[in-house]
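Student: Provided below for reference: sequence and predicted model.
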Amino acid sequence: MSRKLSIVGAIILVLSVSIIVAAIYNYYIMDVTKLFRPPIETKVGMIYQTKIGGDEWFMDPDKLKEDKRFDANADLTKNPDGASWSVDSKEQTRLNVWTKGSGDFRQKSGMNTYNQSIIEARGFWYKPSDWKNTEITGYFKLNEYVKDEYTTYTRSIWHNRTHYGCGGSDYKLKLHFDGSVSLDKEEWHVHYTDQPKPPWMPDHERIEGLGNLTNKWIGLKNIVYNIEQNGTSYPKMEMWIDQNNSNVWKKVHEYVDRGGWGSTMNRCGGAPDQLITWGSPVATFRWDDTANVDFRNLSVREIQPLPQR
């Protein structure tokens with residue numbers, strides 16, 4: 001009798017193992033792409049909290065092409081990992097994110113004013129709900145090296161030459177593909193001025209331990225917000241990176257525009273070194289000169305900056 005029970009037990013054990021093996025086979029072998037999918041971080045840490053009642057946008061990888069607040073000037077293809085997308089653009093990639101209140105702004109032929117003194121006084125280009133103090137986040141992978149950079153920008157509208165290019169004034173934090181960082185002020189479109197720095201400081205600051213960005217997933221946060229001191233708003237820029245694709249962020253650059261940066265912005269009705277303090281209905285992710293970049297986890301948030309001492 002005990003021998004029969006042992007045989008029955010052995011049969012049950014064999015059947016159980018077979019069921020488990022079949023389940024593993026169906027999960028992994030029948031969908032081999034699961035074996036090769038890289039780890040995807042879906043919850044990205046914040047440096048600053050979202051402003052109470054402030055606008056925010058998060059990329060939905062399953063509905064990106066249907067998203068009315070997102071538009072791109074490039075062909076986009078969803079990757080097999082289900083979370084990232086690839087960009088096929090021969091040059092000048094622009095991924096735009098629009099505010100909830102942008103409404104018919106994209107159909108407007110122009111603004112009611114391009115005078116930067118007026119825009120500074122009211123605090124926005126289009127509406128009070130424009131992006132102003134922003135934390136812009138994305139993960140990117142460069143698949144073939146070129147001499148260029150990832151950058152983002154806000155506080156501008158159309159980057160064209162109408163109205164003396166005054167719609168294109170902004171700050172551009174740049175993460176170069178060689179692993180360095182720089183910061184430009186676009187006084188108007190197209191006229192750039194490098195961040196003021198001592199003569200001994202290089203144009204591009206190397207980020208220790210980063211190196212060439214080719215074939216690496218890199219997290220990038222470019223943060224622009226106003227700090228209030230003695231009744232004056234000063235724009236502050238910060239760059240943070242997640243260089244190991246682990247959702248651990250470190251600040252690699254910062255600068256405060258306190259004036260003296262720029263000399264030609266009076267063509268737009270402001271001071272020659274006008275502080276760009278106002279909001280805009282659009283935020284843009286940008287890179288040029290490459291047709292081969294993957295991206296994921298894009299987001300734009302209106303943040304609540306910490307009080308400055």
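Tutor: Yep, that arrived. Residues are numbered from 1 along each chain as shown.
Student: can you tell me what sits against stretch 58-70?
Tutor: 57, 76, 78, 82-85, 95-100, 102, 296-299 (Cβ atoms under 8 Å, 6 or more residues apart in numbering). In short, each C-beta sits where N, CA and C put it, glycine included.
Student: the same query, at a cut-off of 10 Å, please.
Tutor: By Cβ atoms under 10 Å, 6 or more residues apart in numbering, the surrounding residues in contact with stretch 58-70 are 40, 42, 44, 55, 57, 71-72, 76, 78-79, 81-85, 95-100, 102, 137-139, 282, 295-301.
Student: inside helices: which ones of those?
Tutor: Assignment to helices by DSSP state H places none of the contacts of stretch 58-70 there.
Student: just the buried ones from those?
Tutor: 44, 55, 57, 72, 76, 79, 81, 83-85, 95-99, 102, 137-139, 282, 295-301 (16 or more other Cβ atoms under 10 Å).
Student: mind giving me the domain split of this structure?
Tutor: Following automatic domain parsing, one finds the domains of the chain at 1-36, 44-302.
Student: looking at those, which is buried most?
Tutor: Looking across the domains of the chain with neighbours counted as mean count of other Cβ atoms under 10 Å, the highest average goes to domain 44-302: a mean of 18.
Student: for the record, mean pLDDT for that one?
Tutor: Mean pLDDT, domain 44-302: 94.
Student: got the end-to-end distance for that domain?
Tutor: By Cα to Cα, to the nearest Å, the extent of domain 44-302 from end to end equals 16 Å.
Student: repeat that for stretch 49-65.
Tutor: End-to-end for stretch 49-65, by Cα to Cα: 28 Å.
Student: quick one: it to chain centroid distance?
Tutor: 12 Å (Cα atoms, centre = their mean, to the nearest Å).
Student: what of stretch 223-243?
Tutor: Counting by Cα atoms, centre = their mean, stretch 223-243 comes out at 16 Å from the chain centroid.
Student: CA atoms of it as CSV?
Tutor: This file holds the C-alpha atoms of stretch 223-243, laid out as CSV (Å, rounded to 0.1, in the frame of the first residue of the first chain):
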residue,chain,number,x,y,z
ILE,A,223,15.0,73.1,-13.8
VAL,A,224,14.3,76.8,-14.3
TYR,A,225,12.6,78.9,-11.7
ASN,A,226,12.6,82.4,-10.3
ILE,A,227,14.0,83.3,-6.9
GLU,A,228,12.8,86.4,-5.2
GLN,A,229,15.3,88.6,-3.4
ASN,A,230,14.9,92.2,-2.3
GLY,A,231,11.8,92.6,-4.5
THR,A,232,13.4,91.3,-7.7
SER,A,233,12.9,88.0,-9.5
TYR,A,234,16.1,86.3,-10.7
PRO,A,235,16.0,83.3,-12.9
LYS,A,236,17.9,80.3,-11.6
MET,A,237,18.9,77.3,-13.7
GLU,A,238,19.8,73.8,-12.4
MET,A,239,20.8,70.6,-14.2
TRP,A,240,20.5,67.2,-12.5
ILE,A,241,21.4,63.8,-14.0
ASP,A,242,20.8,60.2,-13.3
GLN,A,243,23.9,58.8,-14.9
